[in-house]
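[1] Generate a structure from the sequence data that follows.
(4 chains)
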Protein chains: 2
Amino acid sequence: MNAPTFRNWQSVQDEVLRRIHAREWAPGDLIPNEADLAVEFGCARSTVNRALRSLAGSGLLDRKRKAGTRVAAQPVAKATLDIAVIRHEVEEHGFKYGYQLSVREIAVPPLSVSGAMKIVADARILHVRALHLADDEAYAIEDRWINTLIVPDAAAETFQSVSANEWLMKYAPYTHGEIAFSAMQASAEDAEIMAVPEYSALFAMDRLTWDGEASVTKVRLLFAPGYQLRTGL
Amino acid sequence: MNAPTFRNWQSVQDEVLRRIHAREWAPGDLIPNEADLAVEFGCARSTVNRALRSLAGSGLLDRKRKAGTRVAAQPVAKATLDIAVIRHEVEEHGFKYGYQLSVREIAVPPLSVSGAMKIVADARILHVRALHLADDEAYAIEDRWINTLIVPDAAAETFQSVSANEWLMKYAPYTHGEIAFSAMQASAEDAEIMAVPEYSALFAMDRLTWDGEASVTKVRLLFAPGYQLRTGL
DNA sequence: AAGTGGTCTAGACCACGCG
DNA sequence: GCGTGGTCTAGACCACTTA
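    Have a look, this model is predicted:
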């Protein structure tokens, strides 16, 4: 029954997980502090800290100075999604990637776009629409507005062979952004482009990225029916 | 031009971000090793390590032993989603939460379910269907199968006042799981339950959780039209 | 006021994986 | 082989928060 010593932070983490799982530490319970656990586990406090901090990061523990560490009563599952360049996503699934540019214009965006991007309502910026294909079938429609005041280089790009999706990832760094997922009915136009029935349910991903205070780009990706965004828990 | 010293790992991280952003370190570039950076920044190597490890975790750097640290050429954006209990989600938006159980039965699941859960095809397990409401309007339909071999306590729960969604979060720990998001057309039945037009586009979240080798529960949540899953980047 | 987690340090050893 | 990141240690100081 003598505890083996734990030699690395992952084994400490595993042991903590085991105790939570075995209900030795039930949801809501206060667990021993780092110093005590370090003694018990036979390792340095920083090792315990690393393990517990990581678990707190994944939502399983709630930590507060002075108050101590508690097992989360209602663990909020944290799922991490990897949002890659579409071409890579398609090729990783073993399909042939295709790309068709349909619109490239300098235009005044709708108010919903200029408002979200915090640019003056009558500013003319770059608008790009394109279709991404997997094995010659529609994969996703990209509808994007690019703030050419912030990314002037984009104005020189034709986006005929390299998608804006890919180009921006490489040449337009951002400091932060927002992303939203939803389900949308295909418009008549979208349905025709994708060659799917009208009112099909499409998976929508809306992204808005910022460079400091200035918006970089706003994009809506509409994925063909059947698309799934997956990850582990 | 004399470099200020960096006193904590976040300021080191900010400086590294600045350099990447300013293209002093371009995508694909090899950056100095930890020891050198520690000297330059006037801090301990472990501080630099913490900063770089964190950036690698968010996909902005690629690190390999011996090969060193490179700025990611195609940064894969990592978005972290917080999947909370539905009741909390609704209440946080300021709505009144409601819940209606519609089905609670012991039944043989369809093959798609028993297959995914890796249970024998004719096993009878617990099936629950329920509607979650926000301000008396349909918010989400929950359709869930619970492996009562693994979670025997669930068989004693009526789920009449506490949703399975909430109960399981508290009493059925899991070691890992999978989650998938997609868009689906509302079936006639779903549309009626939610009081929305047939074929509306619904946001679907499928989750399957495991306790070691055994499946715990499989759930599909269908969210009413308009639902958005949001997060930062 | 005092206990807790958050972080930094300086040094050390190790595992991986290029060359 | 050997340079790199990955990690551990023992000790220290600090910031936050609760009692």
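[2] what sits against A:Ala26?
    A:Val71 (Cβ atoms under 8 Å, 6 or more residues apart in numbering or on different chains). (Each C-beta comes from the backbone N, C-alpha and C, glycine too.)
[3] Try it again at 10 Å.
    A:19-20, A:71, A:73, B:170 (Cβ atoms under 10 Å, 6 or more residues apart in numbering or on different chains).
[4] now swap in A:Ala56 and tell me
    Counted by Cβ under 10 Å, 6+ apart, A:Ala56 has contacts A:62-64, A:69-70, A:72.
[5] helix or strand for it, which one?
    Element membership of A:Ala56, judged by DSSP states H and E, is helix A:45-57.
[6] Give me the nearest residue to A:Gly115, chain neighbours excluded.
    A:Ala121 (7.7 Å; Cβ to Cβ, 6 or more residues apart in numbering or on different chains).
[7] In JSON lines: the contacts of A:Ala26, plus neighbour count.
    Formatted as JSON lines, the contacts of A:Ala26 follow (neighbours: other Cβ atoms under 10 Å in any protein chain shown):
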{"residue": "A:Arg19", "neighbour count": "15"}
{"residue": "A:Ile20", "neighbour count": "21"}
{"residue": "A:Val71", "neighbour count": "22"}
{"residue": "A:Ala73", "neighbour count": "12"}
{"residue": "B:Lys170", "neighbour count": "15"}
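[8] Show only the entries of the residues you listed found in helices.
    With DSSP state H as the criterion, helices contain A:19-20, B:170 from among the contacts of A:Ala26.
[9] Which member of those is positioned nearest DNA strand D?
    The nearest member of the ones in helices among the contacts of A:Ala26 to DNA strand D, counting by Cβ to the nearest atom of the strand, is A:Arg19 at 17.8 Å.
[10] Count the residues that sit near the closest residue to the closest one other than its chain neighbours.
    Among residues not flanking A:Arg19 along the chain, A:Trp25 sits closest, at 4.9 Å (Cβ to Cβ, 6+ apart). Using other Cβ atoms under 10 Å in any protein chain shown, A:Trp25 has 19 neighbouring residues.
[11] tell me the SS of A:Trp25?
    Classification of A:Trp25 using DSSP: H, G, I helix; E, B strand; the rest coil returns coil.
[12] For the residue nearest to A:Ile83 when sequence neighbours are not counted, report the pLDDT, please.
    Nearest residue to A:Ile83, sequence neighbours excluded (Cβ to Cβ, 6+ apart): B:Ala77, at 4.1 Å. At B:Ala77, the model reports a pLDDT of 85.
[13] Next, the contact list for B:Ala77, please.
    Here B:Ala77 is in contact with A:81-85, A:169, A:174, A:177, A:179, A:207, A:209, B:58-60, B:233 (Cβ under 10 Å, 6+ apart).
[14] mind listing the strands for chain A?
    A:30-31, A:61-64, A:68-71, A:77-83, A:97-107, A:125-134, A:137-146, A:176-185, A:201-211, A:214-223, A:228-232 (DSSP state E).
[15] Kindly reformat those as JSON lines and extend each row with distance to DNA strand D.
    JSON lines is the format used below for the strands of chain A (distance: least, Cβ to the nearest atom of the strand, whole Å):
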{"stretch": "strand A:30-31", "distance to DNA strand D": "10"}
{"stretch": "strand A:61-64", "distance to DNA strand D": "5"}
{"stretch": "strand A:68-71", "distance to DNA strand D": "9"}
{"stretch": "strand A:77-83", "distance to DNA strand D": "17"}
{"stretch": "strand A:97-107", "distance to DNA strand D": "31"}
{"stretch": "strand A:125-134", "distance to DNA strand D": "33"}
{"stretch": "strand A:137-146", "distance to DNA strand D": "33"}
{"stretch": "strand A:176-185", "distance to DNA strand D": "22"}
{"stretch": "strand A:201-211", "distance to DNA strand D": "26"}
{"stretch": "strand A:214-223", "distance to DNA strand D": "29"}
{"stretch": "strand A:228-232", "distance to DNA strand D": "19"}
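[16] ranking those by mean pLDDT, which is last?
    strand A:77-83 (a mean of 90).
[17] From the chain's centroid, how far away is that strand?
    Distance of strand A:77-83 from the chain centroid (Cα atoms, centre = their mean, to the nearest Å) equals 6 Å.
[18] Run a quick neighbour tally on the residue of chain A found nearest DNA strand D.
    Per Cβ to the nearest atom of the strand, A:Asn8 is where chain A lies closest to DNA strand D, at 2.5 Å. By other Cβ under 10 Å, the residues close to A:Asn8 number 12.
[19] now swap in the one 3 residues further on and tell me
    A count of nearby residues for A:Ser11, using other Cβ under 10 Å, gives 16.
[20] sorry, back to before: filter the contacts of A:Ala56 down to the buried ones.
    Burial by neighbour count, 16 or more other Cβ atoms under 10 Å in any protein chain shown: within the contacts of A:Ala56 this picks out A:62-63, A:69-70, A:72.
[21] What's the separation between A:Tyr97 and A:Glu166?
    10 Å (Cβ to Cβ, to the nearest Å).
[22] try A:Asp36
    Taking Cβ to Cβ, one finds A:Asp36 at 51 Å from A:Glu166.
[23] which one of these two has more residues nearby?
    Comparing A:Asp36 with A:Glu166 by other Cβ under 10 Å, the one with more neighbours is A:Glu166, at 16 against 12.
[24] how close does the nearest residue to that one once chain neighbours are set aside get to B:Ala172?
    Nearest non-adjacent residue to A:Glu166, counting by Cβ to Cβ, 6+ apart: A:Val85, 4.9 Å away. Using Cβ to Cβ, A:Val85 is found at 37 Å from B:Ala172.
[25] And A:Ser163, by the same measure?
    Taking Cβ to Cβ, one finds A:Ser163 at 43 Å from B:Ala172.
[26] who's more crowded, these two?
    Neighbour tally, A:Ser163 and B:Ala172, criterion other Cβ under 10 Å: the higher count belongs to A:Ser163, 23 against 18.
[27] was I right about the more buried one contacting A:Arg87?
    Yes: contact criterion Cβ atoms under 10 Å: A:Ser163 and A:Arg87 qualify, at 7.0 Å.
[28] What's the end-to-end length of stretch A:77-90?
    End-to-end distance of stretch A:77-90 (Cα to Cα, to the nearest Å): 28 Å.
[29] nope, stretch A:62-70 is what I was after
    5 Å.
[30] That stretch near DNA strand C at all?
    Yes: counting by Cβ under 7 Å from any atom of the strand, DNA strand C is contacted by stretch A:62-70 at A:63-69.
[31] And for the closest residue to A:Pro109 other than its chain neighbours, the neighbour number?
    Using Cβ to Cβ, 6+ apart and skipping the chain neighbours, the partner closest in space to A:Pro109 is A:Trp145 (5.1 Å). Look at A:Trp145: counted by other Cβ under 10 Å, it has 24 neighbours.
[32] partners of A:Trp145 in the sheet?
    Bridge pairing for A:Trp145 (DSSP bridges) gives the partners A:His127, A:Lys218.
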